[in-house]
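1. Give me coordinates for this.
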Amino acid sequence: MSAIPMEIATVRQRLLAASVRARTRAQERRARHDAAGRAYLDFLARIASPLLRQIAAALKAEGRHFTVFTPGDGLKLALDSSRDDYVEFALDTSGDAATVVLRVSQTRGSRTLLEEQHIRMGAAPEDLTDEEVLAALLTAMEPWLER
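-> Numbering: from 1, shown residues only. I've put the predicted structure just below:
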């Protein structure tokens, strides 16, 4: 028994409707990500940068030398003795909701381990608190704090 083919007009109509829905969703996603990008820059200026500078100063007072860098739209705290050992902020726009992540890079001999940690999964940049950011930074920095 052979299937009866659908009318070409029906197929075309449904294809056009699916195309419109896909373009609408893409526009909405771009608008959300643009807004998240602006909120992320505000988050860096208002919470992350001052906090990272305080951490670097406190570490320096303890004899541990770290430097704060501001590459592009990011923020990084790197160990002075090894620029491959760092924690940096980034905006993850791979999902529907953009979230702030910490990228952690640490060297172990000749290997470099890279890890990405969400500060709070699903939280928009404007929803993060300084307490959450500090807790995430301290957890991410444990390998260097234990030395």
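2. Can you name the next helix or strand after the lengthiest helix in the chain?
-> For the chain, the helix with the greatest residue count under DSSP state H is helix 8-43. Next along the chain after helix 8-43, taking DSSP states H and E as the criterion, comes helix 49-61.
3. Show me the contact partners of that following helix.
-> Outside helix 49-61, the residues within contact range by C-beta atoms under 8 Å, 6 or more residues apart in numbering are His65, Phe66, Thr67, Val68, Thr70, Leu75, Leu77, Asp130, Val133, Leu134, Leu137, Met141. Every C-beta, even on glycine, is put in place using the N, C-alpha and C of the backbone.
4. From the structure, what's the count of residues near the last one?
-> Just to be clear, that refers to Met141. Burial of Met141, expressed as a neighbour count using other C-beta atoms under 10 Å, amounts to 22.
5. Now do the phi/psi pair for it.
-> In terms of degrees, to the nearest 10, the main-chain angles of Met141 are phi -90, psi 0.
6. Please name the residues that touch it.
-> Ile55, Leu77, Val87.
7. go again using 10 Å as the cut-off
-> If a contact means C-beta atoms under 10 Å, 6 or more residues apart in numbering, then Met141 has Ile55, Leu59, Arg64, Phe66, Leu77, Leu79, Asp85, Tyr86, Val87, Leu102, Val104, Gln106 as its contacts.
8. How about Tyr86?
-> Residues in contact with Tyr86 (C-beta under 10 Å, 6+ apart) are 66-67, 69, 76-79, 103-106, 140-141, 144.
9. State the mean pLDDT of stretch 67-86.
-> The average pLDDT within stretch 67-86 is 88.
10. Just the buried positions in that stretch, please.
-> Leu75, Lys76, Leu77, Ala78, Leu79, Asp85, Tyr86 (16 or more other C-beta atoms under 10 Å).
11. pull the helix or strand with minimum mean pLDDT from the protein.
-> Within the chain, no helix or strand scores below helix 142-145, which has a mean of 87 by mean pLDDT, DSSP states H and E.
12. Need the residues that contact that helix.
-> Outside of helix 142-145, the residues within contact range by C-beta under 10 Å, 6+ apart are 59, 62, 64, 66, 77, 79, 82, 85-87, 104, 106-108, 113, 138-139.
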